[in-house]
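In: kindly return the folded structure for what I paste below:
(chains A and B)
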Amino acid sequence: MVLTHSTNHTYSHPFPTVTLAYFLRYSSPQLNPFAAHVLSTDTISSHVDPETQRLYTTRIHLKKSRMPSAVYKLLPASVSGGNSGEKASYILETSVVDIKEGWMKTESRNLNFTGVLSVVEKQHFKVPSSLEAVARNETDVNSSVSFKSRLGEKIRGKIGQAQESSGWLPGFLGGLGAKGIQRSIESLASTKTIDQLSKSRDGMRLVLERLRNGGVIGVMEKLRQERQRQAVAM
Amino acid sequence: MSASLAPECNEVKERYDTCFLKWYSEKYLRGAEKDNKECAGLFNEYQKCLSVALKNRGIDKLLDEAREDNKENDSSNVWLDLLAAEKGMPADALACGEA
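Out: Numbers count the residues shown, from 1 in each chain, chains lettered A, B, ... in the order given. Predicted coordinates:
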């Protein structure tokens, strides 16, 4: 089963600014305090298709794990990494911008812990279809997040990471039922993530406000000053 | 600017990010000069540094697995677009081919 949650939202900022805010949203906790859990951001590919003029970008973010503690409690340390283990997730973000047609599609998914839980977030930003909304400089976005647990299933021909290191899994899943555990993980994660979606929108709105007030040059100058302060402090 | 996952790449990453944001906001979004070749030199330098870190941390393998899973489980448009872009073909052709 896959649990999916979908929402629509309208930003009161023009489409090009919204796409810029998307790229800037994890730049610094000063710019976006809601992104303090993002430890790093790297671009691994970026190119413009010469025919369509679409910009394709792939980035990897490292985030402090937001897997709910209730999920950790469901899992033995051999799977969750335990309390002292790695609690950060690598997130793969792919995006396509078509500035001519006025849309941007993005997708983010976790790269590790996928044997326990896959979270895929998709966003579709677009210039609104009504002329009044365009005149008001609005941008529509549809977001969907899906949750899928494959704990105990065969993945790429092997049983998910859970089973390899310990013998607990057959008994554990046999008693409670693999499907039951998967459903619990999916629903725990979705409850937590839906809370966080509004924070992620708040973060976008803050970046958008700063772009409105200072423009991209102002924002970049702030980031540069912040870097200098960090360099001096070190 | 946010850090790179590899601290040794921070400096070149920041220079690339600054170049990209300037190009994106001043040229791409304004419909002028579509290709981002002006940042290509910095990008290559950045990737040279980053690829070592991706390999050391096993992230290159995680990426391969994600691509493989994606082929098996889901027909996301962004991924099809990306795969198509890598192969230099339209996404629709790829979607039909894998259906």
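In: from chain B, how far out is the residue nearest the centre of chain A?
Out: Nearest residue to the geometric centre of chain A (C-alpha atoms, centre = their mean): residue A:108, 4.8 Å. With the distance defined as C-beta to the nearest C-beta, to the nearest Å, residue A:108 ends up 10 Å from chain B. In this view, the C-beta of every residue, glycine as well, is placed from N, C-alpha and C.
In: quick one: residues contacting that residue.
Out: Going by C-beta atoms under 8 Å, 6 or more residues apart in numbering or on different chains, residue A:108 touches A:61, A:91-94, A:120-121.
In: cutoff 10 Å now
Out: A:59, A:61, A:63, A:91-95, A:119-123, A:145, B:78 (C-beta atoms under 10 Å, 6 or more residues apart in numbering or on different chains).
In: so how far is residue A:232 from it?
Out: Taking C-beta to C-beta, to the nearest Å as the measure, residue A:108 falls 34 Å from residue A:232.
In: residue 23: what's it in contact with?
Out: All of this refers to chain A. Counting by C-beta under 10 Å, 6+ apart, residue A:23 has contacts A:41, A:43, A:55, A:57, A:59, A:95, A:97, A:104, A:207, B:17, B:20-21, B:24-25.
In: oops, chain B please
Out: Contact partners of residue B:23, counting by C-beta under 10 Å, 6+ apart, are A:46, B:29, B:33, B:35-39.
In: go again using 8 Å as the cut-off
Out: B:36, B:38-39.
In: likewise for residue A:43?
Out: Counted by C-beta under 8 Å, 6+ apart, residue A:43 has contacts A:57-59, B:16-17, B:20, B:43, B:46.
In: from those residues, pick the one nearest residue A:195.
Out: Nearest to residue A:195 among the contacts of residue A:43 is residue A:59, at 24.1 Å by C-beta to C-beta.
In: wait, a strand at that closest one?
Out: Yes: under DSSP: H, G, I helix; E, B strand; the rest coil, residue A:59 falls within a strand.
In: that one: how many residues sit nearby?
Out: The tally of other residues near residue A:59 (other C-beta atoms under 10 Å in any protein chain shown) stands at 19.
In: show me what contacts it?
Out: Contacts of residue A:59 (C-beta under 8 Å, 6+ apart): A:41-44, A:92-93, A:95.
In: distance check, it against residue A:5.
Out: For residue A:59, the distance to residue A:5 - C-beta to C-beta - is 23 Å.
In: returning to what we had before: out of the contacts of residue A:43, who's the most crowded?
Out: Of the contacts of residue A:43, with other C-beta under 10 Å as the count, residue B:16 tops at 26 neighbours.
In: pretty sure it is touching residue B:40, no?
Out: No: look at residue B:16 against residue B:40 with C-beta atoms under 8 Å: they stay out of range, at 9.8 Å.
In: could you list the domains of chain B?
Out: B:7-57, B:60-98 (automatic domain parsing).
In: where among the ones you listed is average confidence lowest?
Out: Lowest mean pLDDT within the domains of chain B: domain B:60-98, at a mean of 58.
In: residues in contact with residue B:31?
Out: A:99-100.
In: shaky segments in chain A?
Out: A:66-70, A:72-86, A:154-176, A:231, A:234 (pLDDT under 70).
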